[in-house]
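Student: quick one, fold the following:
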Amino acid sequence: MKSKMKYYLHIVEIMEKELTVRGNAPLYSFLDIQDCLQICYRRLQELRVLVVKHGFENTAEECRFFKEIKPKVFGKLIFFSKLLEFEMQKPEHSQKALRKYVVKNIGSLRHIFIEYKEFHQYLLCRRKDRDREYFCRPGRPYVTGSLSLPYCSDPVFSTTQDYLSAKFTAHTSLIEYLSQRYIQSNCAAAQKSLLRWTGQKVDLVELVYALQASGLINNGNVGIKDLATALEQLFNVEVGDYYRIFLEIRMRKSNQSKLLDFLKTSLHNRIIEVDG
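Tutor: Just a heads-up that it's a prediction; the model follows:
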(Lines give C-alpha, C1' and ligand atoms only; values in the text may rest on other atoms or scores of the structure.)
Protein backbone atom coordinates (compact mmCIF):
# COMPACT_ATOMS: atom_id res chain seq x y z
CA MET A 1 0.00 0.00 0.00
CA LYS A 2 1.25 3.44 -0.84
CA SER A 3 2.30 5.59 2.10
CA LYS A 4 -0.14 8.35 1.16
CA MET A 5 -3.12 6.04 1.52
CA LYS A 6 -1.82 5.02 4.93
CA TYR A 7 -2.25 8.61 6.11
CA TYR A 8 -5.91 8.54 5.18
CA LEU A 9 -6.65 5.09 6.55
CA HIS A 10 -4.97 6.03 9.82
CA ILE A 11 -7.43 8.91 10.28
CA VAL A 12 -10.34 6.50 9.81
CA GLU A 13 -8.87 4.11 12.39
CA ILE A 14 -8.41 6.90 14.92
CA MET A 15 -11.98 8.12 14.41
CA GLU A 16 -13.44 4.64 14.84
CA LYS A 17 -11.52 4.11 18.08
CA GLU A 18 -12.63 7.49 19.43
CA LEU A 19 -16.25 6.79 18.58
CA THR A 20 -16.09 3.36 20.20
CA VAL A 21 -14.74 4.84 23.43
CA ARG A 22 -17.21 7.74 23.48
CA GLY A 23 -20.40 6.07 22.38
CA ASN A 24 -22.26 2.85 23.09
CA ALA A 25 -24.77 2.23 20.30
CA PRO A 26 -27.67 1.68 20.43
CA LEU A 27 -27.70 3.69 23.67
CA TYR A 28 -26.09 6.98 22.71
CA SER A 29 -26.94 9.72 25.17
CA PHE A 30 -27.52 13.27 23.96
CA LEU A 31 -24.02 14.23 25.14
CA ASP A 32 -22.54 11.18 23.38
CA ILE A 33 -24.07 12.29 20.10
CA GLN A 34 -22.74 15.82 20.43
CA ASP A 35 -19.24 14.58 21.28
CA CYS A 36 -19.23 12.03 18.45
CA LEU A 37 -20.35 14.72 16.03
CA GLN A 38 -17.38 16.88 17.00
CA ILE A 39 -15.02 13.92 16.58
CA CYS A 40 -16.29 13.34 13.04
CA TYR A 41 -15.99 17.02 12.12
CA ARG A 42 -12.43 17.11 13.37
CA ARG A 43 -11.34 13.94 11.57
CA LEU A 44 -12.98 14.99 8.30
CA GLN A 45 -11.14 18.31 8.47
CA GLU A 46 -7.88 16.44 9.03
CA LEU A 47 -8.58 14.26 6.01
CA ARG A 48 -9.04 17.33 3.84
CA VAL A 49 -5.76 18.85 5.04
CA LEU A 50 -3.93 15.62 4.21
CA VAL A 51 -5.51 15.33 0.77
CA VAL A 52 -4.52 18.89 -0.09
CA LYS A 53 -1.00 18.28 1.19
CA HIS A 54 -0.28 14.80 -0.14
CA GLY A 55 -2.76 14.16 -2.94
CA PHE A 56 -2.77 10.74 -4.58
CA GLU A 57 -0.24 8.61 -6.43
CA ASN A 58 -2.63 7.82 -9.26
CA THR A 59 -6.25 7.81 -10.38
CA ALA A 60 -6.91 4.42 -8.81
CA GLU A 61 -5.97 5.78 -5.38
CA GLU A 62 -8.12 8.84 -5.87
CA CYS A 63 -11.12 6.71 -6.81
CA ARG A 64 -10.59 4.44 -3.83
CA PHE A 65 -10.37 7.38 -1.44
CA PHE A 66 -13.58 9.06 -2.58
CA LYS A 67 -15.42 5.77 -3.02
CA GLU A 68 -14.46 4.06 0.25
CA ILE A 69 -12.44 6.17 2.69
CA LYS A 70 -14.02 9.62 2.74
CA PRO A 71 -17.60 8.21 2.84
CA LYS A 72 -16.73 6.30 6.02
CA VAL A 73 -15.87 9.51 7.87
CA PHE A 74 -18.40 11.71 6.10
CA GLY A 75 -21.08 9.05 6.59
CA LYS A 76 -20.49 9.07 10.35
CA LEU A 77 -20.75 12.85 10.36
CA ILE A 78 -24.09 12.71 8.55
CA PHE A 79 -25.27 9.89 10.84
CA PHE A 80 -24.65 11.84 14.04
CA SER A 81 -26.01 15.07 12.52
CA LYS A 82 -29.29 13.38 11.66
CA LEU A 83 -29.39 11.50 14.96
CA LEU A 84 -28.96 14.76 16.88
CA GLU A 85 -31.80 16.29 14.87
CA PHE A 86 -33.98 13.26 15.58
CA GLU A 87 -33.34 13.36 19.33
CA MET A 88 -34.12 17.07 19.49
CA GLN A 89 -37.42 16.72 17.62
CA LYS A 90 -38.80 13.38 18.82
CA PRO A 91 -42.11 13.53 20.75
CA GLU A 92 -41.96 13.03 24.51
CA HIS A 93 -45.61 12.80 25.55
CA SER A 94 -46.27 9.13 24.74
CA GLN A 95 -44.65 5.91 23.54
CA LYS A 96 -47.28 5.59 20.81
CA ALA A 97 -46.39 8.98 19.35
CA LEU A 98 -42.68 8.18 19.59
CA ARG A 99 -43.07 4.88 17.78
CA LYS A 100 -45.10 6.57 15.03
CA TYR A 101 -42.39 9.22 14.67
CA VAL A 102 -39.65 6.57 14.47
CA VAL A 103 -41.49 4.58 11.79
CA LYS A 104 -42.05 7.76 9.77
CA ASN A 105 -38.35 8.67 9.96
CA ILE A 106 -37.23 5.19 8.95
CA GLY A 107 -39.51 5.41 5.92
CA SER A 108 -37.99 8.75 4.93
CA LEU A 109 -34.47 7.38 5.34
CA ARG A 110 -35.24 4.42 3.08
CA HIS A 111 -36.47 6.67 0.29
CA ILE A 112 -32.92 7.52 -0.82
CA PHE A 113 -32.28 3.89 -1.76
CA ILE A 114 -35.31 3.97 -4.04
CA GLU A 115 -34.63 7.39 -5.53
CA TYR A 116 -31.00 6.53 -6.35
CA LYS A 117 -31.47 2.80 -6.88
CA GLU A 118 -29.16 2.59 -9.91
CA PHE A 119 -26.17 4.14 -8.15
CA HIS A 120 -26.83 2.15 -4.98
CA GLN A 121 -26.78 -1.05 -7.03
CA TYR A 122 -23.53 0.10 -8.61
CA LEU A 123 -21.94 0.24 -5.16
CA LEU A 124 -23.49 -2.99 -3.90
CA CYS A 125 -22.26 -4.89 -6.97
CA ARG A 126 -18.75 -3.47 -6.45
CA ARG A 127 -18.62 -2.22 -10.00
CA LYS A 128 -15.68 -0.09 -11.12
CA ASP A 129 -16.46 0.73 -14.74
CA ARG A 130 -17.70 4.25 -13.91
CA ASP A 131 -15.42 5.01 -10.98
CA ARG A 132 -13.55 7.76 -12.83
CA GLU A 133 -16.81 9.51 -13.59
CA TYR A 134 -18.12 9.19 -10.05
CA PHE A 135 -15.04 9.43 -7.86
CA CYS A 136 -12.42 11.57 -9.59
CA ARG A 137 -11.91 15.31 -9.41
CA PRO A 138 -12.70 17.76 -10.88
CA GLY A 139 -16.40 17.25 -11.02
CA ARG A 140 -19.56 18.98 -10.02
CA PRO A 141 -20.67 17.33 -6.77
CA TYR A 142 -24.18 15.93 -6.81
CA VAL A 143 -25.57 17.28 -3.54
CA THR A 144 -28.88 15.99 -2.18
CA GLY A 145 -30.81 16.87 0.94
CA SER A 146 -30.65 19.88 3.22
CA LEU A 147 -27.32 19.21 4.95
CA SER A 148 -25.18 22.22 4.11
CA LEU A 149 -21.53 21.37 4.55
CA PRO A 150 -18.40 22.60 2.76
CA TYR A 151 -17.34 19.00 2.18
CA CYS A 152 -20.24 18.58 -0.29
CA SER A 153 -18.99 21.09 -2.86
CA ASP A 154 -15.30 21.64 -2.11
CA PRO A 155 -13.57 21.24 -5.52
CA VAL A 156 -10.40 19.77 -3.97
CA PHE A 157 -12.25 17.45 -1.59
CA SER A 158 -15.39 16.38 -3.46
CA THR A 159 -16.43 14.32 -6.45
CA THR A 160 -19.79 13.91 -8.14
CA GLN A 161 -20.95 11.00 -5.98
CA ASP A 162 -18.93 10.70 -2.75
CA TYR A 163 -21.57 12.64 -0.79
CA LEU A 164 -24.31 10.31 -2.00
CA SER A 165 -22.14 7.33 -1.03
CA ALA A 166 -21.74 8.80 2.45
CA LYS A 167 -25.51 9.31 2.72
CA PHE A 168 -26.09 5.65 1.85
CA THR A 169 -23.73 4.69 4.67
CA ALA A 170 -25.34 7.12 7.12
CA HIS A 171 -28.92 6.16 6.31
CA THR A 172 -28.16 2.44 6.58
CA SER A 173 -26.63 2.96 10.03
CA LEU A 174 -29.42 5.26 11.18
CA ILE A 175 -32.17 2.86 10.11
CA GLU A 176 -30.45 0.08 12.05
CA TYR A 177 -29.93 2.34 15.07
CA LEU A 178 -33.52 3.57 15.24
CA SER A 179 -34.88 0.05 14.76
CA GLN A 180 -32.75 -1.36 17.58
CA ARG A 181 -33.13 1.59 19.91
CA TYR A 182 -36.83 2.30 19.63
CA ILE A 183 -38.61 -0.62 17.97
CA GLN A 184 -36.84 -3.90 18.71
CA SER A 185 -35.94 -2.91 22.28
CA ASN A 186 -39.52 -1.79 22.95
CA CYS A 187 -40.92 -5.08 21.66
CA ALA A 188 -38.47 -7.06 23.78
CA ALA A 189 -39.29 -5.02 26.87
CA ALA A 190 -43.02 -5.45 26.30
CA GLN A 191 -42.62 -9.22 25.99
CA LYS A 192 -40.35 -9.68 29.00
CA SER A 193 -41.64 -7.23 31.59
CA LEU A 194 -44.55 -8.36 33.74
CA LEU A 195 -44.02 -5.56 36.25
CA ARG A 196 -46.58 -2.85 36.84
CA TRP A 197 -46.05 0.50 38.53
CA THR A 198 -48.88 0.75 41.06
CA GLY A 199 -47.74 3.91 42.78
CA GLN A 200 -48.43 7.45 41.69
CA LYS A 201 -46.75 8.77 38.55
CA VAL A 202 -45.25 11.63 40.51
CA ASP A 203 -43.41 9.04 42.61
CA LEU A 204 -41.91 7.44 39.51
CA VAL A 205 -40.76 10.84 38.26
CA GLU A 206 -39.10 11.49 41.62
CA LEU A 207 -37.31 8.15 41.27
CA VAL A 208 -36.17 8.98 37.73
CA TYR A 209 -34.64 12.29 38.75
CA ALA A 210 -33.07 10.80 41.87
CA LEU A 211 -31.40 8.00 39.89
CA GLN A 212 -30.16 10.42 37.23
CA ALA A 213 -28.80 12.84 39.84
CA SER A 214 -27.03 10.04 41.72
CA GLY A 215 -24.77 9.19 38.77
CA LEU A 216 -25.20 5.48 39.51
CA ILE A 217 -26.32 4.58 35.97
CA ASN A 218 -23.85 4.63 33.05
CA ASN A 219 -21.44 6.53 35.30
CA GLY A 220 -23.85 9.44 35.28
CA ASN A 221 -23.90 9.59 31.48
CA VAL A 222 -27.63 9.14 30.96
CA GLY A 223 -30.31 11.70 30.26
CA ILE A 224 -33.67 12.11 31.93
CA LYS A 225 -35.48 11.16 28.71
CA ASP A 226 -33.62 7.88 28.26
CA LEU A 227 -33.97 6.93 31.92
CA ALA A 228 -37.66 7.78 32.02
CA THR A 229 -38.29 5.75 28.86
CA ALA A 230 -36.47 2.74 30.33
CA LEU A 231 -38.53 2.80 33.53
CA GLU A 232 -41.75 3.33 31.58
CA GLN A 233 -40.97 0.18 29.60
CA LEU A 234 -39.94 -1.77 32.69
CA PHE A 235 -43.07 -0.89 34.64
CA ASN A 236 -45.49 -0.71 31.70
CA VAL A 237 -46.61 2.83 32.41
CA GLU A 238 -46.70 6.13 30.52
CA VAL A 239 -45.65 8.97 32.78
CA GLY A 240 -46.44 11.77 30.35
CA ASP A 241 -44.86 15.17 30.79
CA TYR A 242 -42.25 14.32 33.42
CA TYR A 243 -40.67 17.77 33.17
CA ARG A 244 -43.94 19.35 34.30
CA ILE A 245 -44.34 16.76 37.05
CA PHE A 246 -40.82 17.45 38.29
CA LEU A 247 -41.70 21.13 38.43
CA GLU A 248 -44.57 20.21 40.74
CA ILE A 249 -42.12 18.31 42.95
CA ARG A 250 -39.87 21.33 43.11
CA MET A 251 -42.82 23.53 44.06
CA ARG A 252 -43.67 21.44 47.12
CA LYS A 253 -43.52 23.57 50.22
CA SER A 254 -42.27 20.64 52.28
CA ASN A 255 -40.94 17.11 51.83
CA GLN A 256 -39.65 17.43 48.26
CA SER A 257 -38.21 13.89 48.48
CA LYS A 258 -41.45 12.23 49.56
CA LEU A 259 -40.85 8.93 47.75
CA LEU A 260 -37.22 8.63 48.82
CA ASP A 261 -38.18 9.25 52.44
CA PHE A 262 -40.88 6.59 52.13
CA LEU A 263 -38.40 4.11 50.63
CA LYS A 264 -35.89 4.81 53.38
CA THR A 265 -38.49 4.22 56.08
CA SER A 266 -39.77 1.07 54.35
CA LEU A 267 -36.27 -0.39 54.10
CA HIS A 268 -35.52 0.46 57.72
CA ASN A 269 -38.74 -1.24 58.87
CA ARG A 270 -37.97 -4.33 56.78
CA ILE A 271 -34.49 -4.61 58.33
CA ILE A 272 -35.99 -4.40 61.81
CA GLU A 273 -38.59 -7.02 60.86
CA VAL A 274 -36.00 -9.44 59.47
CA ASP A 275 -33.66 -8.98 62.42
CA GLY A 276 -36.55 -9.79 64.73
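
Student: for residue 45, grab the count of nearby residues.
Tutor: Residues within reach of residue 45, counting by other C-beta atoms under 10 Å, total 15. All C-beta atoms are positioned from the backbone trio N, CA, C, and that covers glycine.

Student: read off the pLDDT value for it.
Tutor: Looking at residue 45, its pLDDT stands at 94.

Student: name the element it belongs to?
Tutor: Using DSSP states H and E, residue 45 maps to helix 30-54.

Student: can you show me the helices along the stretch 51-200 of the chain?
Tutor: 59-64, 70-89, 95-115, 117-124, 131-135, 162-178, 185-192 (DSSP state H, counting those that start in this stretch).

Student: among the ones you listed, which gets the worst mean confidence?
Tutor: The weakest mean pLDDT among those belongs to helix 185-192, with a mean of 56.

Student: now the next helix or strand after that one: average pLDDT?
Tutor: Proceeding N to C from helix 185-192, the next assigned helix or strand is helix 201-214, under DSSP H and E. Predicted confidence along helix 201-214 averages 92 (mean pLDDT).

Student: what comes up buried for helix 201-214?
Tutor: Judged by neighbour count (16 or more other C-beta atoms under 10 Å), helix 201-214 contains these buried residues: 202, 203, 204, 205, 206, 207, 208, 209, 211, 212.

Student: and what of stretch 219-234?
Tutor: By neighbour count with 16+ other C-beta under 10 Å, stretch 219-234 contains the buried residues 221, 222, 224, 225, 226, 227, 228, 229, 230, 231, 232, 233.

Student: checking the fifth one next. Helix, strand or coil?
Tutor: Okay, so that is residue 226. Here residue 226 takes the helix state, with states given by DSSP: H, G, I helix; E, B strand; the rest coil.

Student: quick one: residues contacting it.
Tutor: Applying C-beta atoms under 8 Å, 6 or more residues apart in numbering to residue 226 gives the contacts 27, 29.

Student: switch the cut-off to 7 Å
Tutor: residue 29 (C-beta atoms under 7 Å, 6 or more residues apart in numbering).

Student: ok, the fourth one next?
Tutor: Taking C-beta under 7 Å, 6+ apart, we find residue 225 in contact with residue 92.

Student: same question, the first one
Tutor: Contacts were defined as C-beta under 7 Å, 6+ apart; by that measure residue 221 touches 29, 31.

Student: got a pLDDT number for it?
Tutor: At residue 221 the predicted local confidence, pLDDT, stands at 80.

Student: list phi and psi for it.
Tutor: The phi and psi values for residue 221, taken as degrees, to the nearest 10, are phi -100, psi 60.
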